[in-house]
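Engineer: the amino acid sequence is not available; the structure is as follows:
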């Protein structure tokens, strides 16, 4: 079954999954808030949601690259993937902070 | 005076409210005659009663002395206008009027947007932090540990500097949001970025070497 198969995944992948879930949940909270109070500083809303979605996407990319079962990225050292993850996140958050207003 | 057939003769009636009516006077070479039946023309005159100035205009391309002569005034007492009578057309405004002092305009500042109550905002700020707490709890349950942190002093220092560097960049972003402008931020970011690249490279290559050694050993 799904839960049993998922328990078998390596821990580092589970950490990344948890991170992605956390990011998407934060985005959902922001969308609900906007649904309640209206979208007045729309750039702030976009910035917040986009930061969550962006970092979730980067997390997914990291997971793909780090996964040992993935033949396509066999020769890519996971540390290199992690360095890319950190760098891209820093650039994303700079743009987000600028757009936040 | 002899008048050619090509001559143009107009009779102009001008009301005191500046509404004008022109009538072409038909005629032959000898005589120009016009009969105005005011009762039939009541609607054309827009039912305006009052004083009308009478003017006669005679002109032609071949005439040297075309003229506009005032003939006098006429009092017209027209019946009352019914409901559906046409209104007289709006008369031309004094063209210099736009250069005289105009009506004063009151400036209305833009009404600010409605903001939510502060309690609602604070509640949702707390709600936004909830997933982060969930993340930390999940990490603890997964058994996240620092076992792979280098024990030798050299690599350990670099590893600590790596984490400190990332924290410094995030702190810089917070400062950017609160206080700094983009140019200052980019300047500091370039310093921190160079530092971070150097330190990160050292740390991560050390890490990959140790994992490679663990695999082969």
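Structural biologist: All right, it came through fine. Since the model is a prediction, treat every value here as computed from it, not as a measurement.
Engineer: residue contacts, the closest residue to residue B:27 other than its chain neighbours?
Structural biologist: Leaving aside its sequence neighbours, residue B:27 sits nearest to residue B:33 (CB to CB, 6 or more residues apart in numbering or on different chains; 5.8 Å). For the C-beta atoms, the positions are set from N, CA and C on the backbone; glycine is no exception. Neighbouring residues of residue B:33 by CB atoms under 8 Å, 6 or more residues apart in numbering or on different chains: B:25-27.
Engineer: chain B contacts on chain A?
Structural biologist: Residues of chain A found near chain B, taking CB under 8 Å from any CB of the partner chain as the criterion, are A:11, A:14-15, A:18-19, A:21-23, A:25-26, A:29-30, A:33, A:36-38, A:40, A:77-80, A:82-83, A:86, A:90, A:93-94, A:97-98, A:100.
Engineer: returning to that earlier point: could you identify the least confident member of the contacts of residue B:33?
Structural biologist: Among the contacts of residue B:33, residue B:27 carries the lowest pLDDT, at 71.
Engineer: does it touch residue B:11 like I think?
Structural biologist: No. Taking CB atoms under 8 Å as the definition, residue B:27 is not a contact partner of residue B:11, at 11.5 Å.
Engineer: can you tell me the SS state at residue B:73?
Structural biologist: Recorded secondary structure, residue B:73: strand (DSSP: H, G, I helix; E, B strand; the rest coil).
Engineer: that one: neighbouring residues, count only.
Structural biologist: Neighbour count of residue B:73, defined by other CB atoms under 10 Å in any protein chain shown: 12.
Engineer: hang on, isn't it packed against residue B:53?
Structural biologist: Yes. Counting by CB under 8 Å, residue B:73 does reach residue B:53; the two are 5.6 Å apart.
Engineer: which stretches of chain B have low pLDDT?
Structural biologist: B:1-7, B:28-30, B:85, B:90-93, B:217 (pLDDT under 70).
Engineer: what do you get if the cut-off is 80, keeping everything else the same?
Structural biologist: B:1-8, B:15-21, B:24-50, B:59-67, B:76-98, B:100, B:111-117, B:143-155, B:211-217 (pLDDT under 80).
Engineer: would the longest helix anywhere in it count as contacting chain A?
Structural biologist: When chain B is parsed with DSSP state H, its longest helix is helix B:182-216. Yes. Residues of helix B:182-216 contacting chain A under CB under 8 Å from any CB: B:182, B:185, B:189, B:193, B:200-201, B:204-205, B:207-208.
Engineer: ditto for stretch B:113-133
Structural biologist: Yes. Using CB under 8 Å from any CB, we find that stretch B:113-133 touches chain A at B:113-116, B:120-121, B:124, B:127-128, B:130-132.
Engineer: and the lengthiest helix in chain A, average pLDDT?
Structural biologist: Counting residues, the longest helix found in chain A (DSSP H) is helix A:11-37. For helix A:11-37, mean pLDDT rounds to 89.
Engineer: what about it, distance to the chain center?
Structural biologist: Here helix A:11-37 is found 8 Å from its chain centre; the criterion is CA atoms, centre = their mean, to the nearest Å.
Engineer: which ones are touching the closest residue in space to residue A:16 that isn't next to it in sequence?
Structural biologist: Nearest non-adjacent residue to residue A:16, counting by CB to CB, 6+ apart: residue A:63, 4.4 Å away. Residue A:63 sits next to A:13, A:16-17, A:20 when contact means CB under 8 Å, 6+ apart.
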